[in-house]
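In: Pasted the sequence and its predicted model underneath.
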Amino acid sequence: MIGSRNPNIFCIDSSGLFWILHFLQKIHVFLLTLKNSVRPKCKFSLALLPSILLRSNLAILNPKFVTDMKAVILLSGGLDSATILYKAKADGYECHAISFDYQQRHRRELQSALTVAQKAGIVKHQVVNFDLRQWGGSALTDDAIDLPQERSLDEMSQNIPVTYVPARNTIFLSFALGYAEAIAAERVYIGVNALDYSGYPDCRPDYIQAMQEVFRLGTKQGREGQPINIVVPLINLKKTEIIQLGNQLGVPWELTWSCYVGGDVACGVCDSCRLRLAAFAELGLVDPLAYAS
Ligand SMILES: [Zn+2]
């Protein structure tokens, strides 16, 4: 359960079943990497094998090939963050997910983060607790501010909405940076997207570029010439393209949660639900989540 208030609440156990699944998953990633590594009309050479083993993260089966390719993934439990978790896995990284219980409007998304992390079979999932309700300033951290409902996509694109949480991604990335440096990770994956209609300032390319400089200048690793890189695979993708990418990667949409309201079923009328539903509909796909309306 995710009810614990302590960080470090989740770590995959080492039951036999888990290791069998883990092994099969590694074989799968290995075969994918092998397929991507051998160009058509090009002969496969055994000399390629060590690098393919490393990139497919299969190296852990052999101490000679132990990889240090670690990545921290910001996992909210939503559609975008689940996609980047699966992307980091496909990129061959040992995944360490980090989620935040900041006293947001509901805890439903944290349950989704837990189940998505479990399903992905990652090495570790941390939940960090703090309280942004202390000063509020967002519909997600202050119950006195109403959530927008039933807005058209045009209306959503007019202004930065009240669901913007002041400096949230700067806070999140700071935690992720500390975690990443502590475990000597190479990358931090964050599912920001500049094209959706929210227009959040801390999801834009110039912001990410500036934070990359903070990552370089603000860490020992960065000053010693090996800065932790911020990876933003979704930044220039439309929601429909994110869903297509997630489908290729096998993201379990039914376990994700995007609704701002919370509850047992998604509301279907908040901005986040509307964006998600519109994208699935545009692709002619059915969102497997249950909706109230
Ligand atoms: Zn909703």
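Out: All right, it came through fine.

In: ok, and the closest non-adjacent residue to Leu249?
Out: Counting by CB to CB, 6 or more residues apart in numbering, the nearest residue to Leu249 once its immediate chain neighbours are dropped is Tyr86, at 3.9 Å. Every residue, glycine included, has its C-beta placed from N, CA and C.

In: I misspoke; the intended subject was Asp146.
Out: Counting by CB to CB, 6+ apart, the nearest residue to Asp146 once its immediate chain neighbours are dropped is Ala139, at 6.6 Å.

In: got a list of contacts for stretch 280-290?
Out: 240, 243-244, 253-254, 256-258, 264-266, 276-277 (CB atoms under 8 Å, 6 or more residues apart in numbering).

In: Could you do stretch 221-236 as well?
Out: 71, 80, 83-84, 87-88, 173, 177, 180-181, 184-195, 203, 205, 208, 211-212, 215-217, 219, 242, 245.

In: which parts of it are buried?
Out: Using 16 or more other CB atoms under 10 Å as the burial criterion, the residues of stretch 221-236 that qualify are 221-222, 227-235.

In: And for stretch 83-90?
Out: Within stretch 83-90, the residues that count as buried by 16+ other CB under 10 Å are 83-90.

In: Likewise for stretch 105-115?
Out: Of the residues in stretch 105-115, 105, 108-115 count as buried by neighbour count, 16+ other CB under 10 Å.

In: The residue nearest to Leu249 and Phe172, how far apart?
Out: With the distance defined as CB to CB, to the nearest Å, Tyr86 ends up 19 Å from Phe172.

In: that older thread, is the residue nearest to Asp146 in a helix, a strand, or coil?
Out: Recorded secondary structure, Ala139: coil (DSSP: H, G, I helix; E, B strand; the rest coil).

In: Can you list the residue ranges for strands in the stretch 101-250 of the chain?
Out: For the stretch 101-250 of the chain, the strands defined by DSSP state E, counting those that start in this stretch occupy 124-129, 187-189, 229-231.

In: Looking at the ones you listed, spot the one closest to the ion.
Out: Each of those has some distance to the ion by CB to the ion; the shortest is strand 124-129, at 22.3 Å.

In: For that closest one, name the packing helices and strands.
Out: Contact analysis of strand 124-129 by 3 or more CB pairs under 8 Å, 6 or more residues apart in numbering; DSSP states H and E lists strand 10-11, strand 94-101, helix 108-120 as its packing neighbours.

In: hmm, the longest one touching the ion?
Out: No - for helix 108-120, no contact with the ion is found by CB under 5 Å from the ion; the gap never falls below 10.3 Å.

In: Check what pLDDT Val116 gets.
Out: What the model reports as pLDDT for Val116 is 98.

In: Now that it has come up, it's in contact with Gly77, right?
Out: Yes - at 6.1 Å, Val116 counts as touching Gly77 under the criterion of CB atoms under 8 Å.

In: Of these two, which one has the most company?
Out: Set side by side, Val116 and Gly77 show more neighbours around Val116, with 27 against 24, by other CB atoms under 10 Å.

In: any idea how far that one is from Ile98?
Out: Val116 sits 13 Å away from Ile98, taking CB to CB as the criterion.

In: and if you look at Pro201?
Out: Noted for Pro201: a distance of 22 Å to Ile98, by CB to CB.

In: Now do the contacts for Asp122.
Out: Quick fix: residue 122 is Ile, not Asp. Under the criterion of CB under 8 Å, 6+ apart, the contact partners of Ile122 comprise 12, 73, 85, 89, 95-97.

In: of those, closest to the ion?
Out: Of all the contacts of Ile122, the one sitting nearest the ion is Leu85; the distance, using CB to the ion, is 21.6 Å.

In: that older thread, which ones, among the contacts of stretch 280-290, also lie beside the ion?
Out: Among these, the ones lying close to the ion by the criterion of CB under 5 Å from the ion are Ala266.

In: Just the closest of the contacts of stretch 280-290 to the ion, please.
Out: Here the nearest of the contacts of stretch 280-290 to the ion, counting by CB to the ion, is Ala266; it sits at 5.0 Å.

In: neighbours around the closest one, how many?
Out: Counted with other CB under 10 Å, the burial measure for Ala266 works out to 24 neighbours.

In: cool, Gln209 as well?
Out: 10.

In: Show the pLDDT at it.
Out: The per-residue confidence score, pLDDT, reads 98 for Gln209.

In: Please report how far it lies from the ion.
Out: Separation of Gln209 from the ion (CB to the ion, to the nearest Å): 31 Å.
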